[in-house]
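Enquirer: sequence-free structure coming up:
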């Protein structure tokens, strides 16, 4: 079997198509969660902790260049090449991940429940076959009773 025919067989299998659809939907879903975190949740959290934008929580690890005249914001300093310890951006991404992981967990939990509810009841298991030595002993016992 040639490499191309093996590849064709692999690519046409349902699992590959399911994976591709999952990756595409996951990417779009990630953008939705990212927008929810950045535009809905983090502004509320920032409001609670004093109205600050989490993306501007950082520590400068070096001084800006002498000719730097811009604002002391994360975007301006990072464009100027100043090394920053950007813990605010990390907190935003971490919260994004936690929300996404929780939503995926809830979806998988629901799908598993639906599968379990819609699955047909398992057929009763047949009793295991009696071993030959036991069967012979039973035959001898029955013949002695007669």
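Expert: Ah, there it is. The model shown is predicted, which means the values in this text are computed figures rather than measured ones. Numbering: from 1, shown residues only.
Enquirer: just how off-centre is the strand or helix carrying residue 108 within its chain?
Expert: Per DSSP states H and E: residue 108 is located in helix 87-118. What separates the centre of helix 87-118 from the centre of its chain is 7 Å, taken as CA atoms, centre = their mean, to the nearest Å.
Enquirer: low-confidence ranges in the protein?
Expert: Applying pLDDT under 70 to the chain flags the ranges 1, 14, 51-53.
Enquirer: ranges for the strands of it?
Expert: For the chain, the strands defined by DSSP state E cover 59-60, 84-85.
Enquirer: who does the first one pair up with?
Expert: Spelled out, it's strand 59-60. Here strand 59-60 is paired, per DSSP bridges, with strand 84-85 (antiparallel).
Enquirer: if we can go back for a sec, show me what the helix holding residue 108 is packed against.
Expert: helix 14-36 (3 or more CB pairs under 8 Å, 6 or more residues apart in numbering; DSSP states H and E). All C-beta atoms are positioned from the backbone trio N, CA, C, and that covers glycine.
Enquirer: what comes into contact with the helix it packs on?
Expert: For helix 14-36, the external contacting residues (CB atoms under 8 Å, 6 or more residues apart in numbering) are 10, 96, 99, 100, 103.
Enquirer: ok, of those residues, which come out buried?
Expert: Neighbour-count burial (16 or more other CB atoms under 10 Å) applied to these gives 96, 100.
Enquirer: roughly how far apart are residue 19 and residue 102?
Expert: Separation of residue 19 from residue 102 (CB to CB, to the nearest Å): 23 Å.
Enquirer: check residue 146 too.
Expert: Residue 146 is 71 Å from residue 102, where distance means CB to CB.
Enquirer: what about these two, which has more around it?
Expert: Applying other CB atoms under 10 Å to residue 146 and residue 102 shows that residue 102 carries more neighbours, namely 11 against 4.
Enquirer: before we move on, back to that, please produce TSV containing the contacts of helix 14-36, extended by distance to residue 56.
Expert: Output for these, formatted as TSV (distance: CB to CB, whole Å):
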residue	distance to residue 56
10	48
96	17
99	21
100	23
103	27
